[in-house]
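[1] fold the following, please.
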Amino acid sequence: MKLRVSSLLSTVIVFLFWLPATAQADRPPFVFPDGCCYLDGVVVRTVVPPAASPDAGRDNFYAVMGGVEGQKGVVAVGPGSAGYHGGDWKFHAVTWNVAPYLLTSEGAVLAAAAAGHVTISLVPDNDFKCPIQR
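    Have a look, this model is predicted:
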């Protein structure tokens, strides 16, 4: 299944308008209220909108499709990590072959793939830029 970055942007924008006005006033634009993704088991966030950059991603981003409640995207590196390129994400779609469970690190995603629990598909058309904060 291919997801377009534009559909991700639409989801973010709809979500932001859905937030109560007081919650919106307390946050800078484009901050995911509960964080955008997991990095090594920790939720991280972004404060800028993602920008499409097809076929240009350098760092792994895993979009977990149909995961459990609380599942977010998973990133391989972040600020302070060796090899972090400022949020230049190579998009991987992760689909389940078994009942889903929470994945919170690249190691967990790769272990799930090695066990046959998920299938990882590179989708270079969905590569995007979006720096994250710890």
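[2] every contact and neighbour count from this point should use C-alpha atoms.
    Will do.
[3] Phe72 reaches Cys37, doesn't it?
    Careful, residue 72 is Lys; it's not Phe. Yes - counting by C-alpha atoms under 8 Å, Lys72 touches Cys37, with 4.9 Å between them.
[4] any low-confidence regions in this structure?
    Where the chain drops to pLDDT under 70, the residues are 1-33.
[5] can you give me the strands for this protein?
    37-39, 42-44, 51-52, 59-64, 73-75, 88-96, 118-122, 128-129 (DSSP state E).
[6] closest to Ala108 out of these?
    Judged by C-alpha to C-alpha, the one of the strands of the chain that comes nearest to Ala108 is strand 73-75, at 9.5 Å.
[7] contacting residues around the residue nearest in space to the middle of the chain?
    For the chain, Gly73 is the residue whose C-alpha lies nearest the centre (C-alpha atoms, centre = their mean; 3.1 Å). Applying C-alpha atoms under 8 Å, 6 or more residues apart in numbering to Gly73 gives the contacts Cys36, Cys37, Tyr38, Phe61, Tyr62, Ala63, Val64.
[8] can I get the residues you listed in TSV with distance to Val123?
    Shown next, in TSV, are the contacts of Gly73 (distance: C-alpha to C-alpha, whole Å):
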residue	distance to Val123
Cys36	19
Cys37	18
Tyr38	20
Phe61	10
Tyr62	10
Ala63	10
Val64	13
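[9] quick check: beta-bridge partners of the residue nearest to the centre of the chain?
    Gly73 forms beta bridges with Cys37, as assigned by DSSP bridges.
[10] renumber starting at 3 from here on
    Happy to do that; since the first residue is 3 now, the last one works out to Gly75.
[11] re the thing from before, dump the contacts of Gly75 to a markdown table, plus distance to His87 and neighbour count.
    As requested, the contacts of Gly75 are exported to a markdown table (distance: C-alpha to C-alpha, whole Å; neighbours: other C-alpha atoms under 10 Å):
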| residue | distance to His87 | neighbour count |
| --- | --- | --- |
| Cys38 | 17 | 21 |
| Cys39 | 16 | 24 |
| Tyr40 | 17 | 25 |
| Phe63 | 12 | 27 |
| Tyr64 | 16 | 27 |
| Ala65 | 18 | 21 |
| Val66 | 22 | 23 |
